[in-house]
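Participant: Kindly return the folded structure for what I paste below:
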Amino acid sequence: MNRLLIFLLILSTLTGFAQPAEDMPGDFLTKEFHKERRTKLREKLPANSLAVFFANPVRNRSNDVDYVYHQDPDFYYLTGYKEPNAVLFIFKDKQTANNGAQYDEIIFVQPRNPNAEMWTGRRLGDEGVKTRLGLEQAFTNKEFKKYNVDFSKFAQILFFDFQNDVRNEQYDSADLHDLIEQFKVKVNYPSANGSLSVNREPGKNNLNTTDLDGLMSSLRGIKTTEEMAMIRKA
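Facilitator: Prediction:
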């Protein structure tokens, strides 16, 4: 009898991890909401520019125990994505991929991993991001390293400057630490002091770490009907 109970408990646990997306709460903001927010930001971006957002890092509490993960509010506002180790690009203008397809946004997210998901919860993966969140140009973060765009062609690349406080997971070659380091190489981020805003020389690069905060504040400061409904419920 004891063995049967243990088996049923294990089975119910595994079933819980394999439940379909429909078991999630139904009052989350919709993918259409997040898409509109990206469109509104794109309208505010300066000419020939792109905005870059990184997911929040995972914070460790003690040894192999992490704090409950909380997504970067701007990242969630624009995507609805609640997982770590991801980066989002929003382009002012259409870009052309190698296959001729055009896009004005692209996201790289952590891949599905059944073993990890048993401990840290389900992951959407790139396909889940496409279907659940409506971001058509979605890829795993392992593909970010080989993502080639001539970043020098942009008048401005807007992002929040780095605090150098992200831990490097040695067994993951595409964690947030690696995504940031790869991004720095791609955009020729100054490496002298680790902070772009300290000794920035005007005209020497197209990196802008000061203006994105104001753009996001101007968007988030005015609540939509959907947001007001969620605030009232909360």
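Participant: what does stretch 31-40 rub up against?
Facilitator: Stretch 31-40 has contacts (C-beta atoms under 8 Å, 6 or more residues apart in numbering) with 77-80, 90, 105, 132-134, 219, 224, 226. For every residue, glycine as well, the C-beta is placed using N, CA and C.
Participant: Can you tell me which of these has the most neighbours?
Facilitator: Thr79 (28 neighbours; other C-beta atoms under 10 Å).
Participant: How about it: what's its closest non-neighbour residue?
Facilitator: His34 (5.5 Å; C-beta to C-beta, 6 or more residues apart in numbering).
Participant: Give me the number of neighbouring residues for the one you found.
Facilitator: Count around His34 with other C-beta under 10 Å applied: 20.
Participant: what's the answer for the one 10 residues further on, then?
Facilitator: When counting by other C-beta under 10 Å, one arrives at 14 neighbours for Lys44.
Participant: which other residues reach the strand ranked longest in the chain?
Facilitator: The longest strand of the chain (DSSP state E) is strand 87-96. Residues from elsewhere that reach strand 87-96, judged by C-beta under 8 Å, 6+ apart: 38, 41-42, 45-55, 75, 78-79, 102-108, 141, 144, 149, 179, 183.
Participant: ok, now stretch 224-234?
Facilitator: 27, 29-30, 33, 223.
Participant: about what we covered before: next SSE after the longest strand of the chain?
Facilitator: Next helix or strand after strand 87-96 toward the C-terminus (DSSP states H and E): strand 102-109.
Participant: Paired strands for that following strand, with orientation please.
Facilitator: Sheet pairing of strand 102-109 (DSSP bridges) gives strand 87-96 (antiparallel), strand 138-140 (parallel).
Participant: can you put these in CSV and add distance to Asn188?
Facilitator: Output for those, formatted as CSV (distance: least, C-beta to C-beta, whole Å):
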stretch, distance to Asn188
strand 87-96, 16
strand 138-140, 23
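Participant: got those as CSV, with distance to Ala234 and mean pLDDT columns?
Facilitator: Converted to CSV, the strands paired with strand 102-109 look like this (distance: least, C-beta to C-beta, whole Å; pLDDT from 0 to 100):
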stretch, distance to Ala234, mean pLDDT
strand 87-96, 25, 97
strand 138-140, 29, 97
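Participant: element containing Ala229, please.
Facilitator: With DSSP H and E as the test, Ala229 turns up in helix 225-233.
Participant: where along the chain do the strands fall?
Facilitator: 49-54, 60-62, 65-66, 87-96, 102-109, 138-140, 156-158, 207-208.
Participant: Which one, of those, ends up nearest to Val166?
Facilitator: Closest to Val166 of the strands of the chain, according to C-beta to C-beta: strand 49-54, at 8.8 Å.
Participant: what lines up beside that closest one in the sheet?
Facilitator: Strand 49-54 is paired, per DSSP bridges, with strand 87-96 (antiparallel), strand 156-158 (parallel).
Participant: Serialize these to CSV and add fields for distance to Gln170.
Facilitator: Supplementary listing: the strands paired with strand 49-54 in CSV, determined by distance: least, C-beta to C-beta, whole Å:
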stretch, distance to Gln170
strand 87-96, 20
strand 156-158, 29
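Participant: So which of the ones you listed is nearest Pro114?
Facilitator: Nearest of these (C-beta to C-beta): strand 87-96, 23.6 Å.
Participant: before we move on, back to that, kindly compare burial across the strands paired with strand 102-109 and name the winner.
Facilitator: strand 138-140 (a mean of 20; mean count of other C-beta atoms under 10 Å).
Participant: quick one on the thing from earlier: what's the PyMOL line that selects buried ones from the contacts of strand 87-96?
Facilitator: The PyMOL selection below is limited to those of these classed as buried (16 or more other C-beta atoms under 10 Å):
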select buried, resi 38+41+42+45+49+50+51+52+53+54+55+75+78+79+104+105+106+107+108+141+144+179+183
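Participant: Much appreciated, bye for now.
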